[in-house]
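[1] Just need the structure, nothing else, for what follows:
(2 chains)
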2 protein chains.
Amino acid sequence: MVPSKRSAVLVDGVVLNGPTTDAKAGEKFVEEACRLIMEQVVSKATDISEKVCEWRPPEQLKQLLDLELRDTGEPHHRLLELCQDVIRYSVKTNHPRFFNQLYAGLDYYSLVARFMTEALNPSVYTYEVSPVFLLVEEAVLKKMIEFIGWKEGDGIFNPGGSVSNMYAMNLARYKYCPDIKEKGLSGLPRLILFTSAECHYSMKKAASFLGIGTENVCFVETDGRGKMMPEELERQIWQARKEGAAPFLVCATSGTTVLGAFDPLDEIAEVCERHGLWLHVDASWGGSALMSRKHRRLLHGIHRADSVAWNPHKMLMAGIQCCALLVKDKSDLLKKCYSAKASYLFQQDKFYDVSYDTGDKSIQCSRRPDAFKFWMTWKALGTVGLEERVNRALALSRYLVEEIKKREGFRLLMEPEYANICFWYIPPSLREMEEGPEFWEKLNLVAPAIKERMMKKGSLMLGYQPHRGKVNFFRQVVISPQVSREDMDFLLDEIDLLGRDM
Amino acid sequence: MVPSKRSAVLVDGVVLNGPTTDAKAGEKFVEEACRLIMEQVVSKATDISEKVCEWRPPEQLKQLLDLELRDTGEPHHRLLELCQDVIRYSVKTNHPRFFNQLYAGLDYYSLVARFMTEALNPSVYTYEVSPVFLLVEEAVLKKMIEFIGWKEGDGIFNPGGSVSNMYAMNLARYKYCPDIKEKGLSGLPRLILFTSAECHYSMKKAASFLGIGTENVCFVETDGRGKMMPEELERQIWQARKEGAAPFLVCATSGTTVLGAFDPLDEIAEVCERHGLWLHVDASWGGSALMSRKHRRLLHGIHRADSVAWNPHKMLMAGIQCCALLVKDKSDLLKKCYSAKASYLFQQDKFYDVSYDTGDKSIQCSRRPDAFKFWMTWKALGTVGLEERVNRALALSRYLVEEIKKREGFRLLMEPEYANICFWYIPPSLREMEEGPEFWEKLNLVAPAIKERMMKKGSLMLGYQPHRGKVNFFRQVVISPQVSREDMDFLLDEIDLLGRDM
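    So this is what the prediction gives:
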């Protein structure tokens, strides 16, 4: 690689002839690492005899991993050892018994798409740099819009449901008063928005980030199943108006984070229409039910929304992150609201149709081609295959619910609507106890203690939380087609095994 | 895979026994796709005989690609063909002659890290789900903070320099008036911020998104090299105060997008200290110069900043996206400003030290482990190797500048400070013309026309833009260690070849 001294061009002591990368060695390293990834991650992903996690507390893990960044680099064989350690101590979110979050499992097709985009390293803002990925995004958005039930629309993939909700909040605000883009909120009346008391915490983050303020998020009370009560919504809108505030947005949730509840969209849409309010539906989690002819009724009325957040990286397993904000408006509202018209990127004198340069609809500049991984899975499975996944996850959820009802020591929080199954495990020592304060106080300690044991054993992972007056309970989430009723049985057996001495 | 009918458990017509994924076939598909990616993307990345792009106009590309999502899926061999098409028509941002954006080239180490994280599919919010990646992020942030010159600090990786700038703007606002988090901006005096007239367009996007309003971004005039003039800044701050506005933030730029200019941080810090204003430095592009003992003087004074945005995905080639916001404060300001305390995710009764659950510092919920890819490259090259990359890119830039000066028909816009070399190509027909309005009008058409030709030929890609009264000029950006002085020579030869008949 080093040129002969005779012909060398030197500037500031640096030889500038020829590349300095050793491509052959680099490629060999990538190949070896790919082999490792195939063996240690992909092939083991379906193996239930593997641990879900190899738990180490933070201080110990710091000792085990060689985290420090030094002046000199490490050789390839040492880097591969590091990779092995990273894999070893990482949680296997692909594992059939990882039920801890609203995503899980391994989709081979999205994985291939993700490898491709990492290798191609595109940024999706202009057609000249990302011709394929911009067209793919357009195709996927079009199809998602069709499933929402809109005739036309617009949208953008972005880094997370939280960000989608922010997009929607800002759009609704822009629609309410376009001047805010230039003039800001100073001097305006107090803007106020309404959302379910069970909504995702990103609504608060969004209100704070956008300068609206968390106190101007009105949480509307829910019924016993966690669904927003439309009459409560309407009452609060009147109340806010009376207090001189300016309502501009209602956010309904399709698939709440903890309970998996679906707000009654049709009735909420009625209220919004009566009051001229933007309706955003946070279907980040529940949107995937739209793929199922059997279950899409959960989102009945969603076509009446002005905007929808929907994350195919959750139940449709497209990989973190794959999140779309979809907008019914077709008057280029996204662009009007977000554009900054940077002349170095969005030149208007390009030789092609610059309406394909969609980057100015975004709050980002560089943006990842997240639509592509969902496109690949959709191509591979077809709509019917995606539908089957949703149907199976929800059938498995039903199975688990019935098993919980049958088993001693397990108690459902409520009949689920979706793939979140919330339940308590009541250990033998508490089963005869009167359900007074002492009982609940003791039960509150059970889920955290079992969680600790399961993580240290590495046999499975599922989440727990207290929630609106209810003491700590488990939230089981069913997603992956790799999961079967045997895993559901195992889950209950294992919790009982881990907790029966408590 | 289908169980015998006897033992089958059916719910809603779905058989729930055993997994439904064909793991063997899935793994085989991934292996075949990996081979394709290695052959068609990774191995060809260094091959200058390959085209940078295979240009097709949007309507034609739509015909060539089978974009439609159908009811039924496609077989593996067909999916591999689709992958091949996607690769074929995608721009090769890894190609040694892709100079179109502020990122380029292929780093084998970050690529491996990216394949790993795609396979492991983590989300970085809690230690229980992302033990390794949270510790890696901590280690990388610590080291970046050291290079800024702070004794301690905090930070967060996030999806883009634009988002980093938003984080900083919101932090500065929170510091100015913490009540805004809850109460919002309504009723407050007009907040106002100051930034260079050459700053990135995300400052406007941020001001609009955060409810501050684009009119409340004061653009401070720059000198002939594109650097903010501190005396102008101070004058504008006084002016704003006189008008009753409330200044809260100054954003300096280290490495502007078009010219690669560095604002004088020390003098700007003086002004900020005098006026008690938060100083944010957008070093998304220029921050990497901190790795070079020779070039870090460009950012002299950066340790006086309150926050810094720095994107290792640009000059340090960590892959889209790898962007850190760094904060000098160590009183947990990020957490205070951003937390929403979701009890389903950030339970306080976990069995480990929950101070490692850093997700509540983020505006996102799911978040990608972007620090990891930078960590891997740093591990592989060491600080010295990263320094060499920066030094070489800037030496190559010097080389190109000198060549431009020597060649007929090429004219530098100005002496660059960094790796952006801005220049005009003046075709023979214009070389004798008087430099009046007609000359500039005609010259304005040259870069777009050459760009069209280079893209249709696929021989290289670099950007052009008009900028602050200057007609369209080329912006060449030098990054990758794969690039050599031969590529610089080629660049000038090729532009001349494509444009000499104009």
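
[2] any idea of the mean pLDDT in the helix or strand in which residue A:391 is found?
    When secondary structure is defined by DSSP states H and E, residue A:391 falls within helix A:371-406. Helix A:371-406 shows a mean pLDDT of 98.

[3] list the helices and strands it packs on?
    On a contact count with 3 or more CB pairs under 8 Å, 6 or more residues apart in numbering or on different chains; DSSP states H and E, helix A:371-406 meets helix A:108-120, helix A:131-148, strand A:410-412, strand A:420-425, helix A:485-499, strand B:10-11, strand B:14-15, helix B:76-89. For every residue, glycine as well, the C-beta is placed using N, CA and C.

[4] which of those sits most buried?
    helix A:108-120 (a mean of 26; mean count of other CB atoms under 10 Å in any protein chain shown).

[5] Please say whether there is contact between that one and chain B.
    Yes: Helix A:108-120 lies within reach of chain B by CB under 8 Å from any CB of the partner chain, at A:108-109, A:111-112, A:114-116, A:118-120.

[6] sorry, back to before: Throw the helices and strands packed on helix A:371-406 into CSV and include distance to residue A:401, thanks.
    Supplementary listing: those in CSV, determined by distance: least, CB to CB, whole Å:
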stretch, distance to residue A:401
helix A:108-120, 29
helix A:131-148, 27
strand A:410-412, 7
strand A:420-425, 6
helix A:485-499, 10
strand B:10-11, 10
strand B:14-15, 14
helix B:76-89, 36
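
[7] now for these, which one comes closest to residue B:323?
    Of all these, helix A:108-120 sits nearest to residue B:323, with 16.3 Å by CB to CB.

[8] Would you mind giving the residues of helix A:108-120 next to chain B as CSV with pLDDT added?
    Formatted as CSV, the entries for these read as follows, by pLDDT from 0 to 100:
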residue, pLDDT
A:108, 98
A:109, 98
A:111, 98
A:112, 98
A:114, 98
A:115, 98
A:116, 98
A:118, 98
A:119, 98
A:120, 98
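
[9] quick one: contacts of stretch A:287-302?
    A:147-149, A:254-255, A:262, A:264-269, A:281, A:283, A:286, A:308-312, A:314-316, A:383, A:386-387, A:389-391, A:394, A:417-418, B:12 (CB atoms under 8 Å, 6 or more residues apart in numbering or on different chains).

[10] Filter those residues down to the buried ones.
    In the contacts of stretch A:287-302, burial by neighbour count holds for A:147-149, A:254-255, A:262, A:264-265, A:267-269, A:281, A:283, A:286, A:308-312, A:314-316, A:383, A:386-387, A:389-391, A:394, A:417-418, counting by 16 or more other CB atoms under 10 Å in any protein chain shown.

[11] Now residue A:248. Nearest residue, chain neighbours left out?
    residue A:176 (4.1 Å; CB to CB, 6 or more residues apart in numbering or on different chains).

[12] Quick check, pLDDT for the one you found.
    Reading off the per-residue confidence, residue A:176 sits at a pLDDT of 97.

[13] do the same with residue A:8
    The predicted local distance difference test score for residue A:8 is 86.

[14] is it true that it touches residue A:17?
    Yes: in this structure, residue A:8 is within contact of residue A:17 by CB atoms under 8 Å, at 5.7 Å.

[15] Spell out which parts of the stretch 401-502 of chain A neighbour chain B.
    A:448, A:451-452, A:455, A:461, A:463-467, A:472, A:475, A:480-486, A:488.

[16] Weed out the non-buried ones from those residues.
    By neighbour count, with 16+ other CB under 10 Å, these hold A:448, A:451, A:455, A:461, A:463-467, A:472, A:475, A:480-485, A:488 as buried.

[17] which ones among these are found in helices?
    Among these, the members falling in helices (DSSP state H) are A:448, A:451, A:455, A:485, A:488.

[18] What residues are bridge-paired with the residue lying closest to the second one once chain neighbours are set aside?
    Leaving aside its sequence neighbours, residue A:451 sits nearest to residue A:464 (CB to CB, 6+ apart; 5.7 Å). Beta bridges link residue A:464 to residue A:474 when assigned by DSSP bridges.

[19] can stretch A:320-333 be found next to chain B?
    Yes: Stretch A:320-333 lies within reach of chain B by CB under 8 Å from any CB, at A:320-321.

[20] show me where chain A has strands.
    Shown for chain A, the strands assigned by DSSP state E span residues A:10-11, A:14-15, A:98-99, A:154-158, A:191-196, A:217-220, A:246-253, A:278-282, A:307-310, A:323-327, A:410-412, A:420-425, A:461-467, A:470-477.

[21] OK, contacts around the nearest residue to residue A:304 once chain neighbours are set aside?
    Distance criterion CB to CB, 6+ apart; nearest residue to residue A:304, sequence neighbours excluded, is residue A:269 at 3.7 Å. Residues in contact with residue A:269, defined by CB under 8 Å, 6+ apart, are A:279, A:301, A:304-305.

[22] ok, residue A:269 to residue A:306 distance?
    Counting by CB to CB, to the nearest Å, the separation of residue A:269 from residue A:306 is 10 Å.

[23] need the contact list for residue A:315.
    A:102, A:285, A:288-289, A:389-390, A:393, A:419, A:479.

[24] So which of those wins on neighbours?
    When neighbours are counted as other CB atoms under 10 Å in any protein chain shown, the busiest of those turns out to be residue A:288, with 32 neighbours.

[25] Distance check, the nearest residue to it once chain neighbours are set aside against residue A:357.
    Counting by CB to CB, 6+ apart, residue A:288 lies nearest to residue A:315, which is 3.8 Å off, once chain neighbours are set aside. When distance is defined by CB to CB, residue A:315 is 32 Å away from residue A:357.

[26] Residue A:96 reaches residue A:487, doesn't it?
    Yes: with contact defined as CB under 8 Å, residue A:96 and residue A:487 form a contacting pair (5.6 Å).

[27] intersection of neighbour lists for these two?
    residue A:48.

[28] Give me the below-cutoff pLDDT ranges for the stretch 251-400 of chain A.
    Nowhere does the stretch 251-400 of chain A drop to pLDDT under 70.
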